[in-house]
Structures are given as structure tokens and as C-alpha cells.
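S.K.: Kindly generate the corresponding structure for this input.
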Amino acid sequence: MKLKEEYISKEVNTRLYQTPVPVIGLTGGIASGKSTVSKKLEEKGFPIICADALVHQIYDMEETKNFISHHFPQVINNSTIDFKKLREVFFDKPENQSLIEKFIYKKMPQKYFEAYQSYENAEVVIYDVPLLFEKGLDKLVDLKVCVYAPENVQIERITKRDGSSEELAKNILSKQMSSEEKKKLSDVVINNIKSLEDLDKSLNEFIRVYFSGN
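M.R.: I've put the predicted structure just below:
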């Protein structure tokens, strides 16, 4: 399937990692259902690249383990990274966050293109990225798509899914860009408030409006 011409807003040299085909940035807040939408689009044949999966691949690299071991030896346990300790270190000081992010993001283009090249004859890429706006990646994609659920629905889902208290769920949400803000900044909003049947209808409508060859 191709993104319709009128929705292609970038040239190759201004697009994320100079991807030769249009890139759709798919984002959404925690418990919005972004992962569900990503999976459903993949099942429909769309090439999906998941930013979180790329980060996990980078952390699995020996080079990354050596880097973390050198700078933060206290988070290494039996030659592996203790991610609970790493999170604590990451949020402890801004300079720690900056150092780790700089290393990880330097490796992203390579991992992104490895994922892209795994798709033969891709005519569009959907980049599943939670921090689309926070990292300024929205300026590098052709179309910004937000999976939206209001805060009260997010809180309900977090407490059910994780067994968290409502207070903890609110605290998690307070540290992120709100779904309302992401909704305002997006070109397309896919509501995921009610049932999976409603979500399927919204996705089918999204595909009908924005793509040709479907």
C-alpha cells in the first residue's frame, strides 16, 4: 500500500534517516493502545519499525555493555546490565541521562536501516515511536499519527494491567507529555476509547482515507 501523494510531506533528504519512502510516525501515551494498533497494522501488511525494539537491540550489543560497564559499573551484574539499577542511574542525574541517550541514539540509524532493509519493496514505513514529539522526530516524518485515549481511560488501563494504584498511575502520566497535547500536535488521531471493534473501524477508515492500493 502507498501513502497517497497529498500526504507525502518530506523529500528524502529531509526525512528521518533519509528513508527513501514515506515515513509515518505512530505515537501515543502509555496505555493508549499504540502497541495494539501497531500490531494490527503489521497484520494488515504494513512495514513496522519499533523504536523500543531497536533500543533493546542496541542494549544487547557487546559495545553497549562495555560502554555501560565503563561509565556505570555499579549496574553490571554477572556481566549483564541490571536494567532496574540502570533506570535509577539514568534518572538520578541529567548528565547520566544525556550520556546514555547520546550513545544509544548514535546507534539508532544503523539499527533502523537494518530493520528497513528487512522489508522488500516497502512503499511506506510506519515508525512506532513513543517519544515522537519529545525528541523532535515529528519534524522528520511525513505524517504524524496519534493513538488516543483520555487520561481517565489510561489510568484505568494502567491499574488493571499492572496492578498499580491509581496514585502511581497518575504519577507516571504526570511525567509524560499528555495525550491531549499529542492529539493536538498530530495530523491523524485514532481513538482507542471503547471496544476493539470500534478500533478496527477507525483503523480501516484511516487506511481507506490515507492509502492507495488497498
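S.K.: any chance you could map the strands in this protein?
M.R.: Along the chain, the segments classed as strands by DSSP state E run 2-3, 23-27, 48-50, 76-77, 80-81, 125-128, 143-148, 188-191, 211-212.
S.K.: Just checking, which helix or strand of the protein averages the lowest pLDDT?
M.R.: Sorted by mean pLDDT, DSSP states H and E, the helices and strands of the chain end with helix 166-174, the least confident at a mean of 85.
S.K.: and Ile48, bridged to which residues?
M.R.: Counting by DSSP bridges, Ile48 is bridged to Ile126.
S.K.: Show the contacting residues for it.
M.R.: By CB atoms under 8 Å, 6 or more residues apart in numbering, Ile48 lies in contact with Ser38, Leu41, Glu42, Ile126, Asp128. Bear in mind the C-beta positions are built from the backbone N, C-alpha and C, glycine included.
S.K.: residues near Ile49, how many?
M.R.: Using other CB atoms under 10 Å, Ile49 is surrounded by 25 other residues.
S.K.: Now for the nearest residue to it once chain neighbours are set aside: which residues touch it?
M.R.: Spatial nearest neighbour of Ile49, chain neighbours left out: Ala115 (4.6 Å); criterion: CB to CB, 6 or more residues apart in numbering. Counting by CB under 8 Å, 6+ apart, Ala115 makes contact with Ile49, Ala53, Leu54.
S.K.: Now do the helices in the protein.
M.R.: Using DSSP state H, the helices of the chain run over 34-43, 51-59, 62-71, 83-92, 94-117, 151-162, 166-174, 179-185, 196-210.
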